[in-house]
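Structure, please.
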Amino acid sequence: MASFMFNISKGLVGDWAADSFKVRLYQTSVMVEATEQDAATVAGLTAAFIECTATGYTAGGYALASKTRAQDTGNNRIDHNAAQLTISGLGNGTNNTLYGALIVIPVGGAGTDIPVAALDFDTPVTTDSNDIIIKFNNANPGTLFRGA
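Next comes the predicted model:
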């Protein structure tokens, strides 16, 4: 699976720095861009989106912090950035194998959240009570996703 941006979000990402965005971790091993990019809500994903259920996980996800965006005129795009996200002590009871993260605009419930971007973990991560650290493009902040 590759990381990608959902089509519905390209017109909705208004005030990146001020608006609320969340990161939801998922157990689904396949989320293919060609079949998922037109989903308007999390419930509309055709591949079964299975959110993390590991001990210590907050259902619905975690808020992104320190959000910025920068125009890249040379490449005709906008780079959206956020601070590294650390989720402490995930697992140690019920454990999951996690394949990626879903960035959403929370709008009133898990199924109605609007998907913005899917971020593929290079290697699946199994929860074991250690911290899960999500770095965006290996920098803090780094490129979270690009709107073109």
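
Return the residues in contact with the residue nearest to I87 when sequence neighbours are not counted.
In this structure, I87 finds its nearest non-sequential neighbour in I132, 4.5 Å apart by C-beta to C-beta, 6 or more residues apart in numbering. For glycine as for every other residue, the C-beta is placed from the backbone atoms N, C-alpha and C. By C-beta atoms under 8 Å, 6 or more residues apart in numbering, the residues touching I132 are L25, T86, I87, L90, L98, V125.

now with 7 Å?
Applying C-beta atoms under 7 Å, 6 or more residues apart in numbering, we find I132 in contact with I87, L90, V125.

Need the distance between the two termini of stretch 87-100.
14 Å (C-alpha to C-alpha, to the nearest Å).

quick one: contacts of it?
Counting by C-beta under 7 Å, 6+ apart, 1, 25-29, 31, 52-57, 62, 118-121, 124-129, 131-132 sit against stretch 87-100.

What are the buried residues along that stretch?
For stretch 87-100, burial by neighbour count (16 or more other C-beta atoms under 10 Å) applies to I87, L90, G91, N95, N96, L98, Y99, G100.

so which strand or helix has the fourth one?
It stands for N95. Using DSSP states H and E, N95 sits in no helix or strand.

Within the sheet, what are the partner strands of the lengthiest strand in the chain, with directions?
The longest strand of the chain (DSSP state E) is strand 114-126. Applying DSSP bridges, strand 114-126 is found paired with strand 4-5 (antiparallel), strand 97-105 (antiparallel).

Which of these has the lowest mean pLDDT?
Lowest mean pLDDT within those: strand 4-5, a mean of 62.

Buried residues in stretch 127-137, which are they?
T127, I132, I134, F136.

Next, count neighbours for the closest residue to the third one other than its chain neighbours.
Distances taken as C-beta to C-beta, 6+ apart place L85 nearest to I134, at 4.4 Å, with adjacent residues excluded. By the other C-beta atoms under 10 Å criterion, the neighbourhood of L85 contains 19 residues.

okay, the strands paired with strand 114-126 in JSON lines with distance to A40 next?
Shown next, in JSON lines, are the strands paired with strand 114-126 (distance: least, C-beta to C-beta, whole Å):
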{"stretch": "strand 4-5", "distance to A40": "14"}
{"stretch": "strand 97-105", "distance to A40": "11"}
